[in-house]
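S.K.: Whatever this is, show me its structure:
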Amino acid sequence: MRLRLLDGAYAVCRLGDATLAPPPSGRFWSLTHAGDERSLICAEEDAPVTGGSVRRGWRILAVEGPLDFSLTGVTASLAAPLAQAGVPILPVATHDTDYVLVPGERLADAVAALREAGHDVET
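M.R.: All right, here's what the predicted structure looks like:
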């Protein structure tokens with residue numbers, strides 16, 4: 001797999017009753033609503049300041065795509081070497097691309113583990 005590191009640090013938020021502003025153009029932004037839970041991934045500076053909880057300092061590695069829906073094992077091929085290196089992940093997928101969030105303080109470990117597993121990582 002070929003991956004590239006997105007610019008900037010990101011936050012993973014559990015939203016309370018916060019009202020969301022539209023995302024800034026060109027930045028990664030993902031909102032998931034499942035049952036009574038709403039989760040937001042956004043640039044740190046765009047994270048809501050009230051309601052819910054915010055965990056800052058995440059970095060995002062994007063799998064170069066688009067990826068065909070018939071592909072299997074994409075996330076597993078990334079998760080396995082990261083698990084072996086003890087790097088926690090938060091995977092997210094869109095229609096065309098897979099993303100893996102890793103804690104910023106573990107980015108160097110994540111890149112090293114992925115490269116050792118044969119992945120091409122552009123930082």
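S.K.: Work out which residue lies at the spatial centre of the chain.
M.R.: Note on the chain: the residue nearest the mean C-alpha position is Leu101, at 3.0 Å, using C-alpha atoms, centre = their mean.
S.K.: State the distance from that residue to Tyr10.
M.R.: 7 Å (C-beta to C-beta, to the nearest Å). C-beta here means a position set from N, CA and C on the backbone, and glycine is covered the same way.
S.K.: continuing past the longest strand anywhere in the chain, what's the next helix or strand?
M.R.: Counting by DSSP state E, the longest strand found in the chain is strand 53-63. Where DSSP states H and E defines the elements, the next helix or strand beyond strand 53-63 is helix 74-84.
S.K.: looking at it, His119 is touching Leu78, isn't it?
M.R.: Yes - using C-beta atoms under 8 Å, His119 is in contact with Leu78, at 7.2 Å.
S.K.: anything in contact with each of these two?
M.R.: Common neighbours of His119 and Leu78 (criterion: C-beta atoms under 8 Å, 6 or more residues apart in numbering): Met1, Leu3.
S.K.: who has more neighbours, these two?
M.R.: When His119 and Leu78 are compared for neighbours, Leu78 comes out ahead with 25 against 17, by other C-beta atoms under 10 Å.
S.K.: Contacts only, for the residue lying closest to the more buried one once chain neighbours are set aside.
M.R.: The shortest distance from Leu78 to any non-neighbouring residue, by C-beta to C-beta, 6 or more residues apart in numbering, is to Val100 (5.4 Å). Counting by C-beta under 8 Å, 6+ apart, Val100 makes contact with 3, 60-61, 63, 75, 78-79, 82, 89-92, 110.
S.K.: Nice, that's everything, thank you.
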